[in-house]
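# Pasting the sequence and the predicted coordinates here, then a few questions.
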Amino acid sequence: MSFELRGLSWSTNKRMLSVLICVICCIHSGKSQTCTEGFTYEHRARQCIDIDECRTLPDPCRGDMRCVNQNGGYLCIPRGLYSQSYARNSPRSYPEPSYPEESYPDRSLGYSEPFIPNVPPVGAGPGPGPGPSYPIVSRSTPCILGYTLGADGTCVDVDECETQSHQCNPTQVCINTAGGYTCSCTEGYWLVGGQCQDIDECRYGYCQQLCANVPGSYSCSCSPGFLLNADSRTCQDVDECATNPCSHGCLNTYGSFMCTCDEGFELAADGTTCNDLDECSFSDFLCQYTCVNTPGSFSCVCPPGYYVYEDGRSCEDLNECESGNNTCTTAQVCFNFQGGYTCLNPLRCDPPYIELNDNQCMCSAENPACRERPFTVLYRHMDLSSGRSVPADIFQMQATTRYPGAFYIFQIKSGNEGREFYMRQTSNISATLVLARPIRGPKTIVLDLEMVTVNNVINFRGSSVIRLTIFVSEHPF
């Protein structure tokens, strides 16, 4: 009686086993020294031994199938699914499969070989000489191995997983198949040496950035500045600027951001806050008068009587007399000087002087009271900056009438008690008033500058005076 096992096949594309088992149990009753098909009788050992079909048959498996010897038969399985577990059950020695580091392992179930119960060798009774005898095996069911006779008389698959009749080790999972079962590994594990070992997914670059391996799985995470995408593997840059983390400008970068500050500000140590720069502290010469720091900038201010020039830093005198921004009456004359103005009253000549014009008084030579007095007094006004550098020529005198044989002497008659000035004669008829010492204002100085005319031919000596009023400003500009 013979049986042929068929139907145990898996397509290579689905990575299932295609198994062909040929176990023929032919029992020849009444004959001694005979074995079931797949075994041969060894006379010396006086027992039945397995026939290695993989070696004896010329082409037991076709295509990309590999022959694996079994007791009483053989298996044809895809070469890609061959593992050490098959080699353990075979007398041949096959190398243990290796997994290249750059490959990506299939994280699906790691199937092992389907288990087909071995058919024990049988003998025909005691042979010549001492040795064991093997009973002749007879079958009590018409079903092939892995099936059992059902109540309706048909062959029903035996669920070895449910009946706990499988031989899977504790690290494996039993999966029932038609006529047998397979021992596989759960997701995240693969079969190595008959044991299910955890797959280190981090080794194969499953995560774009950070990876943490855990038993049977893995976890991806992202570096600061990135978010994990919906695929739980890749990371995308976070646009931190969308949340306005900077007090001024924000520049998004790959995995981070950079804060920028407006002109006149500098980035603080926290990297997000902008602090105002105090430009006034950088130099004492930013402004001619006073520097005022403002958020992000600075401004220059000038004292009363001045305005800020076009350059934004210099101070220019405000001419109140021209602008009309003064308090002088119509009878007065407005005189502008650096940083201010004054209202000059109409000229009044004290006797014996009489008014010659708006700014000059004269004492007549026919008047005996005028003999020892200057012939004319001319009123002049000028302004002078405080602290002006010295020496400096500030005013010039000159004789308007020349007499034959006459010469002229120029001198400061009064008002120079501090010796800040002196006269320097530049020609026979002219001289210059020189500032000899710096004067700090505000201050008003009145100098009487005298020009003495001497004519020895006619024995004449006379003088004229310029009464010079100097308004020294408060500031050096």
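Right, received. Where do you want to start? Residues are numbered from 1 along each chain as shown.
# okay, CA-based contacts and neighbour counts for the rest of this
Will do.
# any chance you could map the strands in the stretch 101-250 of the chain?
All strands of the stretch 101-250 of the chain, identified by DSSP state E, counting those that start in this stretch, fall at 110-114, 147-149, 155-157, 173-177, 180-185, 189-192, 195-198, 210-214, 217-221, 226-228, 235-237, 249-253.
# would you turn the ones you listed into CSV with distance to Tyr403?
Compiled in CSV, the strands of the stretch 101-250 of the chain are given as follows (distance: least, CA to CA, whole Å):
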stretch, distance to Tyr403
strand 110-114, 135
strand 147-149, 158
strand 155-157, 155
strand 173-177, 140
strand 180-185, 135
strand 189-192, 130
strand 195-198, 128
strand 210-214, 109
strand 217-221, 110
strand 226-228, 102
strand 235-237, 100
strand 249-253, 82
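# out of these, which comes closest to Leu347?
strand 249-253 (67.4 Å; CA to CA).
# partner strands of the closest one, parallel or antiparallel?
strand 256-260 (antiparallel) (DSSP bridges).
# in the strand it pairs with, what's buried?
By neighbour count on 16 or more other CA atoms under 10 Å, the buried set for strand 256-260 is 257, 259-260.
# can you check stretch 39-57 too?
39-41, 46-54.
# now do stretch 184-200
184-186, 188-192, 194-200.
# Show me what the mean pLDDT comes to for stretch 377-394.
Mean pLDDT, stretch 377-394: 97.
# for stretch 334-345, same thing?
97.
# what distance separates the start and the end of stretch 421-436?
5 Å (CA to CA, to the nearest Å).
# who touches it?
Contact with stretch 421-436 is made by 390-399, 402, 407-408, 410-412, 419-420, 437, as judged by CA atoms under 8 Å, 6 or more residues apart in numbering.
# For the stretch 301-450 of the chain, which residues score under the pLDDT cut-off?
Along the stretch 301-450 of the chain, no part satisfies pLDDT under 70.
# Swap in 90 and give it another go.
For the stretch 301-450 of the chain, applying pLDDT under 90 flags the ranges 358, 365-366, 371-372, 400-405.
# Spell out, range by range, the strands that occur in it.
Using DSSP E, counting those that start in this stretch, strands in the stretch 301-450 of the chain cover 306-308, 315-317, 333-337, 340-344, 354-357, 360-362, 376-384, 392-398, 406-414, 421-425, 430-435, 443-455.
# Can you check which of the ones you listed gets nearest to Ser232?
strand 306-308 (64.8 Å).
# for that closest one, which positions count as buried?
306-308.
# for stretch 454-472, same thing?
454, 462-472.
# Format these as TSV; extra columns: secondary structure, pLDDT and distance to Cys235.
Compiled in TSV, the buried residues of stretch 454-472 are given as follows (DSSP: H, G, I helix; E, B strand; the rest coil; pLDDT from 0 to 100; distance: CA to CA, whole Å):
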residue	secondary structure	pLDDT	distance to Cys235
Val454	strand	93	106
Gly462	strand	91	106
Ser463	strand	94	102
Ser464	strand	96	99
Val465	strand	98	96
Ile466	strand	98	92
Arg467	strand	98	91
Leu468	strand	98	87
Thr469	strand	98	85
Ile470	strand	98	81
Phe471	strand	98	78
Val472	strand	98	76
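# Closest one of those residues to Cys61?
Nearest member of the buried residues of stretch 454-472 to Cys61, counting by CA to CA, is Val472, at 122.1 Å.
# Could you double-check that that closest one sits in contact with Pro438?
No: taking CA atoms under 8 Å as the definition, Val472 is not a contact partner of Pro438, at 10.4 Å.
# what do those two both touch?
Contacts common to Val472 and Pro438, judged by CA under 8 Å, 6+ apart, are Ser386.
# Domains in the chain, by residue range?
Recorded structural domains for the chain (assignment: automatic domain parsing) are 39-98+115-160, 201-237, 240-276, 279-317, 348-472.
# Kindly reformat those domains as JSON lines and extend each row with distance to Cys168.
Formatted as JSON lines, those follow (distance: least, CA to CA, whole Å):
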{"stretch": "domain 39-98+115-160", "distance to Cys168": "9"}
{"stretch": "domain 201-237", "distance to Cys168": "19"}
{"stretch": "domain 240-276", "distance to Cys168": "49"}
{"stretch": "domain 279-317", "distance to Cys168": "78"}
{"stretch": "domain 348-472", "distance to Cys168": "109"}
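# Which one of the ones you listed lies nearest to Gln332?
So among the domains of the chain, domain 348-472 is nearest, using CA to CA, at 11.6 Å.
# Apart from its neighbours in sequence, what residue is nearest Ala431?
Gln425 (3.9 Å; CA to CA, 6 or more residues apart in numbering).
# what's the spacing between that neighbour and Ile409?
8 Å.
# Between the two, which is the more surrounded one?
Gln425 (18 against 15; other CA atoms under 10 Å).
# Next up, phi/psi of the most far-flung residue of the chain relative to its centre, please.
For the chain, the largest distance from the centre (CA atoms, centre = their mean) belongs to Ile458, which lies 98.1 Å off. Geometry field for Ile458 lists phi and psi as phi -110, psi 10, criterion degrees, to the nearest 10.
# And the residue nearest the centre of this protein?
Mean-position check on the chain, CA atoms, centre = their mean. Result Phe257 at 3.7 Å.
# What sits closest to it if chain neighbours are left out?
Using CA to CA, 6+ apart, the closest residue to Phe257 is Leu251 (5.6 Å).
# Check Pro78 too.
Here the residue nearest Pro78, using CA to CA, 6+ apart, is Met65, at 4.5 Å.
# wait, that neighbour sits on Leu75?
No: look at Met65 against Leu75 with CA under 8 Å: they stay out of range, at 9.3 Å.
# Looking at those two now, which is surrounded by more residues?
Leu75 (25 against 20).
# Make sure I have this right: Cys54 is in a helix.
Yes: assessed by DSSP: H, G, I helix; E, B strand; the rest coil, Cys54 belongs to a helix.
# Around the closest residue in space to Cys143 that isn't next to it in sequence, count how many other residues there are.
Distances taken as CA to CA, 6+ apart put Cys155 closest to Cys143, at 5.6 Å, once the chain neighbours are dropped. Counted by other CA under 10 Å, the residues lying close to Cys155 total 16.
# So, low pLDDT: which residues of the stretch 1-150 of the chain?
1-50, 52-146, 149-150.
# contacting residues around Pro245?
So Pro245 contacts Thr272 (CA under 8 Å, 6+ apart).
# make that Leu149, sorry
141-143, 155-156.
# Can you tell me which of the residues you listed are buried?
143, 155-156.
# In a markdown table: those, plus distance to Thr34.
Output for these, formatted as a markdown table (distance: CA to CA, whole Å):
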| residue | distance to Thr34 |
| --- | --- |
| Cys143 | 23 |
| Cys155 | 29 |
| Val156 | 31 |
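# just the buried residues of stretch 184-200: which has the poorest pLDDT?
Gly194 (78).
# quick one, phi/psi of that residue?
phi 80, psi 0.
# Format the CA atom coordinates belonging to stretch 208-220 as PDB.
In PDB, the C-alpha atoms belonging to stretch 208-220 read as follows (Å, rounded to 0.1, in the frame of the first residue of the first chain):
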ATOM      1  CA  GLN A 208      15.800  59.300   9.200                       C
ATOM      2  CA  GLN A 209      17.300  60.800  12.300                       C
ATOM      3  CA  LEU A 210      17.100  59.200  15.800                       C
ATOM      4  CA  CYS A 211      16.300  55.500  16.300                       C
ATOM      5  CA  ALA A 212      15.700  53.500  19.500                       C
ATOM      6  CA  ASN A 213      15.500  49.800  19.200                       C
ATOM      7  CA  VAL A 214      13.100  47.900  21.500                       C
ATOM      8  CA  PRO A 215      12.300  44.200  21.600                       C
ATOM      9  CA  GLY A 216      10.300  43.300  18.500                       C
ATOM     10  CA  SER A 217      10.000  46.900  17.300                       C
ATOM     11  CA  TYR A 218      11.700  50.300  17.100                       C
ATOM     12  CA  SER A 219      10.900  53.900  17.700                       C
ATOM     13  CA  CYS A 220      11.900  56.900  15.600                       C
END
